[in-house]
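> give me a model of this one.
(2 chains)
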Amino acid sequence: KNEVEQSPQNLTAQEGEFITINCSYSVGISALHWLQQHPGGGIVSLFMLSSGKKKHGRLIATINIQEKHSSLHITASHPRDSAVYICAVSVWYSGGGADGLTFGKGTHLIIQP
Amino acid sequence: GVTQSPTHLIKTRGQQVTLRCSSQSGHNTVSWYQQALGQGPQFIFQYYREEENGRGNFPPRFSGLQFPNDSSELNVNALELDDSALYLCASSLVLAGVNEQFFGPGTRLTVL
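Numbering: from 1, shown residues only, chains lettered A, B, ... in the order given. So this is what the prediction gives:
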């Protein structure tokens, strides 16, 4: 069973700061997902990646498959970025079938004006 | 998008509940997750083309159905207090192992 660890669990920063959230996992995966969850529960998929780096606006996600580690970066952070950021991994089997996502516990980010 | 109903639900211990999910049109896979307060979601099970295609560490009283019309259900029998949680469904179109999931807003279940 894969274990997904995130750090930090809580992060408070000032508007404009560069934010980094880290994720590590224990076994091989098919893809790693970064998700955003706002109060009230809705989850939005930010990135799905299996190698390298992806960028979307002020968000950047990187993954190092050899080290089983991924980071989510937010540049020029803004109070509207305040949310819980969750790392999750998925594993697909070559013979068919799959496990659902295995989630980390999330990082609660607060950006203060 | 993905929709879920109802938004909130209150049940008593021992009762049965059915939660519903409407997948994004054309998606062939739906996954269900349970999220307890302050925790990350936990995988319950996944349905691919109307067949269960993977299951997490949940007892058989958690069951599901997936229908051809992009709708699906999560059924929980003999409710326990610990079943109180946010239940999320996510739909995806599985192609060559790629499984980007699109989440619904969730159903918050309270068991008294």
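> A:Ile86 is in contact with A:Phe103, correct?
Yes - between A:Phe103 and A:Ile86 a contact is recorded at 5.7 Å, counting by C-beta atoms under 8 Å. Using the backbone N, CA and C atoms, a C-beta is placed for each residue, glycine as well.
> need the residues of chain B near chain A, please.
With C-beta under 8 Å from any C-beta of the partner chain as the criterion, chain B comes near chain A at residues B:31, B:33, B:35, B:39-46, B:48, B:53-54, B:56, B:86, B:88, B:90, B:94, B:97-103, B:105-106, B:108.
> thinking again about what came up before, anything in contact with each of A:Phe103 and A:Ile86?
Counting by C-beta atoms under 8 Å, 6 or more residues apart in numbering or on different chains, the common neighbours of A:Phe103 and A:Ile86 are B:40-41.
> all strands of chain B, in order?
Taking DSSP state E, the strands of chain B run over residues B:3-5, B:8-11, B:17-22, B:29-35, B:42-48, B:51-55, B:62-66, B:71-76, B:85-92, B:102-103, B:107-111.
> got CSV for the ones you listed, with mean pLDDT, mean neighbour count and distance to A:Gln9 too?
Written out in CSV, the entries for the strands of chain B read as follows (pLDDT from 0 to 100; neighbours: other C-beta atoms under 10 Å in any protein chain shown; distance: least, C-beta to C-beta, whole Å):
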stretch, mean pLDDT, mean neighbour count, distance to A:Gln9
strand B:3-5, 96, 15, 28
strand B:8-11, 96, 13, 27
strand B:17-22, 97, 19, 29
strand B:29-35, 93, 26, 16
strand B:42-48, 90, 22, 18
strand B:51-55, 86, 15, 28
strand B:62-66, 95, 19, 28
strand B:71-76, 96, 19, 29
strand B:85-92, 93, 25, 19
strand B:102-103, 92, 20, 22
strand B:107-111, 97, 19, 23
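> which one of the ones you listed lies nearest to A:Thr107?
strand B:29-35 (15.3 Å; C-beta to C-beta).
> can you tell me the strand partners of the closest one and which way each runs?
According to DSSP bridges, strand B:29-35 forms sheet pairs with strand B:42-48 (antiparallel), strand B:85-92 (antiparallel).
> nearest to A:Gly40, of those strands?
When these are compared for distance to A:Gly40 using C-beta to C-beta, the nearest one is strand B:85-92, at 9.4 Å.
> quick one, the closest one and strand B:17-22 angle?
Here strand B:85-92 runs at 30 degrees with respect to strand B:17-22, directions being taken by axes from the mean of the first three to the mean of the last three C-alpha atoms, to 10 degrees.
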